[in-house]
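S.K.: Let's see this in three dimensions:
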Amino acid sequence: MEERWSMMNRTTKGLCLWAVALLVAGWGVGRWRAGCADAKMRQSLLRQAVGIAETIDPELVRQLSFTAADAGTPAFEYLRRQMAALGKHLPQRGIYSLAQRNGTLFFGPENYCEDDPMASPPGTVYEEPSAEDLGVFTTGRPSTMGPVTDEYGTFVCALAPILDPSTGEVLMAVGMDVLADDWRATVNRARHRATLAVLLVGLAFPVGVAAIRQRRHRTTRHRQSVAANTSDPNHVVPGAHRYMSTGLLLGMGVLAVAFLAVVLVQGWHWTHAEIRHSADQQARLAVAFGAALRDYVGEYVRPEMEKHVTRDDFMPETMSTSFIARAVLEKVQEAFPNSLVRLASTNPRNPANQATPEEEELIKHFEQHPESDVWSGTMQLFEGGQTYSVHAMARRFDASCLQCHGRPEDAPATLLERYGATAGFGRSVGEVSLNLAAIPVGQSYAAAGARVWRHMLVAFGLCVVFLGGIAVLICVDIRQRRRSEMSLHASKQQLARIVEQSPIPTFLIDADRRVTHWNRALEELTGIPAGEVIGTRNHWRAFYASERPCMADLLVSGAVDTIAQWYPDDSRKSELIGEAYEASEFFPEIGRDGRWLHLTATMIRDDQNRLLGAMETLEDITQRKRAEEELQKHEAFITAVLDNIPIGVAVGSMDPIVQFTYMNDNFARLYRTTREALAPPDAFWEAVYEDPDRRHEVRRKVLQDCASGNPERMHWDDIPITCQGQETTFVSAKNAFLPGQSLMISIVWDVTKRNRAENQLKESLSLLEATLESTADGILVVDGQGRIKNFNRQFQDLWRLTDEVLATHDDDLALAAATPLLTDPDAFAAQVREL
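M.R.: Sure, this is the predicted structure:
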């Protein structure tokens, strides 16, 4: 009891110390965050003041006296209207100007209306300037100050000087005021939010620690309960399924929250994208409308007006594109007060068109990228102002614009009388002004965010209801799981018996790649008993010298795509079994001389398609592989013989198309073509026979002869092979069907020399015939064997030989028939024999 009270006292003291530390940390973080917010707002206010100062022309400032006489002067009115136009981009900001004369500060142009209590007429003396105000004129550097209190109230201020470009003298300072109350409210909000965040995190920490300690306590009790009942194998620990269902619910809850968060982020992004797209379309429409209006005035209205007025006359209401466009767009803008349509320029004739610093950056962008004419995006027209979806179109000055915007002396006199000789002049060809439309999107973003959050809260409620239903289903699932586990156990026992009694070497691994079965056939094949590998991941030792995955490992690991890398020679997906793969590989570690094994691995799944493991079978194909190797050697020998014989040989199909499965080099050479040309289906005819008519005739005859099956018809002699620009060659070819196959073997050999010799012989015989017929002498032609080859009619008539004698082709018989006509037969016979 005392120990318990002591523990409670320690806990109470710890919580008290934690609370004190939490309060101190909250105060410190809040103060730090407030300081950051204050510094950030001061920097933003200072940048705004500097940005406005940079838009003001020092030449106009020089024209001011900062006395009451400035009221109504062109320079004063221009600057006042310019500040008023820029002030529209900065709500809740007062913009004014100060100049120092003899140590006294005087007010100049400002954006306040004349009836505003904060307004100061030109020349009004600033009665209560601070040291920081005077310091800006001394140092020439921008500065923030405050909160300061003067005759106008309490403000946080920023002053930015406008310097003389030539002397560096401070001509004027542009000031901006923010009410101190608004400033403090913003700083306090930052402080309170930071403090609240620290407190919430600090409170969550002890709650989390308490939850963890409670869970550890429950876990300890659960382990003690398990240890106390391990002797009863059928005992079920109370609450075990409850813990499992609770964990599952927590996991689903986390997933649901993550899903809702993803949907929230995606919805937020999609909504913002739609808002930006819609605003961009509106901005594009406004810019296109303004550009079309200005183009119409410039192309049609102004040229017509110039016909009716003199060169010194200029009426902006009918001749100025920007004046007319702005007047029309201001009327349109009255119906859409939150949207802006601007004709921004760095030196506008109308101060309302003075470009903000951000618009000046756009103008610089178009000047640096003359190929670009439009820009779209999200931006603030002035730092700290509203966020807009902006579409800007560049308008570049051309030569026709310089009459009114070039040199003042070239401008119409009435234009100078109305606007003066400073603003809007000094332009050059290529300078850029903007047609710009800005649609506010900040409020739309906020409204869309609120709608998204409302939808997400509804979705969260539905999710809670859904999880409640899931909890009920989990209880039902637990019961079904028990029955499934019992059924799975029975199936495992049956599988073990089947595998063990199988004559095929087989092993099984579970989803963790541990061996669960190693049958006797595999023990005999590998020489490794089952007891050494079951329950381990060492089954690779039976097949490989170093550790590497087996095919079953690749299936279980989901690395099916890498099977071809581990089994590069012969691996493929099984055609008979789904989710099964096959491969053949040589295993030098098995047996004395190694073994060739055919592997088949398949996944094992339960009735719910969950992966339980994989089974791999091994078939000894060593004898088959050796027979295949012998066959390959024999085929290689035959191929080598065919490749080196002097005739052409090819094997392939003939009908309906010629498709070769083999050909040697001589086959393509004798047909005066290449292997590549003969490789495509039915390319033989076009590659060999150039003449289309000849090609068609030969193809028809060859196909008919082959279709007859008559060996005598499938022999063709003296086939001419022509090639443009080259001498014709001759080949003989013979086809024959391979026994038991639909393929034919084609043999071709060169007969060009024989053909040419026969042709020469025919030509010689023809010449001899012509000689015999044309000469008046008697001629008898006898070969070396004493056979009469030819004779002419003059020889027959001269020797009075009968046709019967000459028909015998026996020269001795002919000589005997002619001997009676000779005076000295013996001498003639001797002379003939000498010949």
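S.K.: Now the element after the helix or strand hosting residue 361, going C-ward?
M.R.: Applying DSSP states H and E as the criterion places residue 361 in helix 357-368. Where DSSP H and E defines the elements, the next helix or strand beyond helix 357-368 is strand 374-380.
S.K.: That next one packs against which elements?
M.R.: On a contact count with 3 or more CB pairs under 8 Å, 6 or more residues apart in numbering; DSSP states H and E, strand 374-380 meets helix 240-296, helix 357-368, strand 387-396. Any C-beta I mention is one placed from the backbone N, CA and C, and that applies to glycine too.
S.K.: Let me see the mean pLDDT of the longest one.
M.R.: Averaging the model's pLDDT scores along helix 240-296 yields 73.
S.K.: between it and strand 387-396, how many degrees?
M.R.: With axes from the mean of the first three to the mean of the last three CA atoms, to 10 degrees defining the directions, helix 240-296 sits at 30 degrees from strand 387-396.
S.K.: residue contacts, the residue lying closest to residue 132 once chain neighbours are set aside?
M.R.: Distance criterion CB to CB, 6 or more residues apart in numbering; nearest residue to residue 132, sequence neighbours excluded, is residue 145 at 3.8 Å. Residues near residue 145 by CB atoms under 8 Å, 6 or more residues apart in numbering: 130, 132-133, 156-159.
S.K.: And the lowest mean pLDDT element among the helices and strands of the chain?
M.R.: Scoring the helices and strands of the chain by mean pLDDT, DSSP states H and E places helix 825-834 at the bottom, with a mean of 62.
S.K.: Tell me which of the contacts of residue 145 fall in helices.
M.R.: 132-133 (DSSP state H).
S.K.: of the contacts of residue 145, closest to residue 737?
M.R.: Ranked by distance to residue 737 (CB to CB), the contacts of residue 145 are led by residue 158 at 103.9 Å.
S.K.: Quick one: distance of the host helix or strand of residue 305 to the chain centre.
M.R.: In the assignment (DSSP H and E), residue 305 maps to helix 302-306. On the basis of CA atoms, centre = their mean, to the nearest Å, helix 302-306 sits 55 Å off its chain's mean C-alpha point.
S.K.: From the contact counts, what lies against that helix?
M.R.: helix 316-319.
S.K.: buried residues in the helix or strand just after the helix it packs on?
M.R.: Moving toward the C-terminus from helix 316-319, the first helix or strand encountered (DSSP H and E) is helix 321-335. Going by neighbour count (16 or more other CB atoms under 10 Å), the buried part of helix 321-335 is 321-326, 328-329, 333.
S.K.: So what's the model's average confidence on the helix holding residue 361?
M.R.: pLDDT averaged over helix 357-368 gives 83.
S.K.: And for stretch 503-521?
M.R.: Rounded mean pLDDT across stretch 503-521 is 91.
S.K.: can you give me the end-to-end distance of that stretch?
M.R.: 6 Å (CA to CA, to the nearest Å).
S.K.: Return the distance of it from the chain's centre.
M.R.: 44 Å.
S.K.: Quick one: list the elements packing against whichever helix in the chain runs longest.
M.R.: If you go by DSSP H, the chain has its longest helix at helix 442-501. Helix 442-501 sits against helix 240-296, strand 506-510, strand 515-518, with contacts defined as 3+ CB pairs under 8 Å, 6+ apart.
S.K.: How about the secondary structure of residue 749?
M.R.: Per DSSP: H, G, I helix; E, B strand; the rest coil, the local secondary structure of residue 749 is strand.
S.K.: tell me the angle the one helix or strand residue 39 maps to makes with helix 357-368.
M.R.: Assigned by DSSP H and E, residue 39 falls within helix 2-55. For helix 2-55 against helix 357-368, the angle by the same axes, to 10 degrees is 60 degrees.
S.K.: If you count contacts, what does helix 2-55 end up packed against?
M.R.: Helix 2-55 packs on helix 74-87, strand 143-150, strand 153-163, strand 170-179, helix 180-228, helix 357-368, going by 3+ CB pairs under 8 Å, 6+ apart.
S.K.: on that earlier part again, filter the contacts of residue 145 down to the buried ones.
M.R.: Judged by 16+ other CB under 10 Å, buried ones among the contacts of residue 145: 133, 156-159.
S.K.: Need those residues in a markdown table (columns: distance to residue 97 and pLDDT).
M.R.: Output for the buried ones among the contacts of residue 145, formatted as a markdown table (distance: CB to CB, whole Å; pLDDT from 0 to 100):
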| residue | distance to residue 97 | pLDDT |
| --- | --- | --- |
| 133 | 12 | 82 |
| 156 | 18 | 85 |
| 157 | 13 | 86 |
| 158 | 13 | 86 |
| 159 | 10 | 88 |
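S.K.: how about those, which pair is most distant?
M.R.: 133 and 156 (13.1 Å).
S.K.: Residue 111 versus residue 48, what's the distance?
M.R.: 13 Å (CB to CB, to the nearest Å).
S.K.: got a list of what the closest residue in space to residue 684 that isn't next to it in sequence touches?
M.R.: Among residues not flanking residue 684 along the chain, residue 658 sits closest, at 4.3 Å (CB to CB, 6+ apart). Neighbouring residues of residue 658 by CB under 8 Å, 6+ apart: 652, 681-685.
S.K.: So which of these belong to strands?
M.R.: Taking DSSP state E, the ones among the contacts of residue 658 that sit in strands are residue 652.
S.K.: And the contacts of residue 658, which is closest to residue 560?
M.R.: Using CB to CB, the contacts of residue 658 come closest to residue 560 at residue 681, 35.3 Å.
S.K.: what about that closest one, neighbour count?
M.R.: If you count neighbours by other CB atoms under 10 Å, residue 681 ends up with 12.
S.K.: Touching, residue 345 and residue 356? I think so.
M.R.: No - contact status for residue 345 versus residue 356: not in contact, 11.3 Å apart, counting by CB atoms under 8 Å.
S.K.: Excluding covalently adjacent residues, which one is nearest to residue 488?
M.R.: Closest to residue 488 by CB to CB, 6+ apart is residue 606, at 6.4 Å.
S.K.: which residues sit in contact with that neighbour?
M.R.: By CB under 8 Å, 6+ apart, the contact list for residue 606 reads 484, 488, 612.
S.K.: What is the three-state secondary structure of the last one?
M.R.: Put simply, residue 612 is strand when judged by three-state DSSP.
S.K.: my guess is it meets residue 556, correct?
M.R.: No - the criterion here is CB under 8 Å, and residue 612 misses it with residue 556 at 9.3 Å.
S.K.: which neighbours do those two share?
M.R.: 510-511.
S.K.: The two: who's more crowded?
M.R.: Between residue 612 and residue 556, residue 556 has the larger neighbour count (other CB under 10 Å), namely 23 against 18.
S.K.: In space, what's closest to the more buried one - neighbours in sequence excluded?
M.R.: residue 614 (4.9 Å).
S.K.: what is the one you found paired to in the beta sheet?
M.R.: residue 509, residue 603 (DSSP bridges).
S.K.: and what of the one 4 residues further on?
M.R.: For residue 618, the beta-bridge partners under DSSP bridges are residue 599.
S.K.: Was I right to think it contacts residue 524?
M.R.: No - between residue 618 and residue 524 there is no contact under CB under 8 Å: 11.4 Å.
S.K.: hmm, back to that, quick one: contacts for the residue nearest to residue 556?
M.R.: So, once contact is read as CB under 8 Å, 6+ apart, residue 614 ends up touching 508-509, 552-553, 555-556, 601-604.
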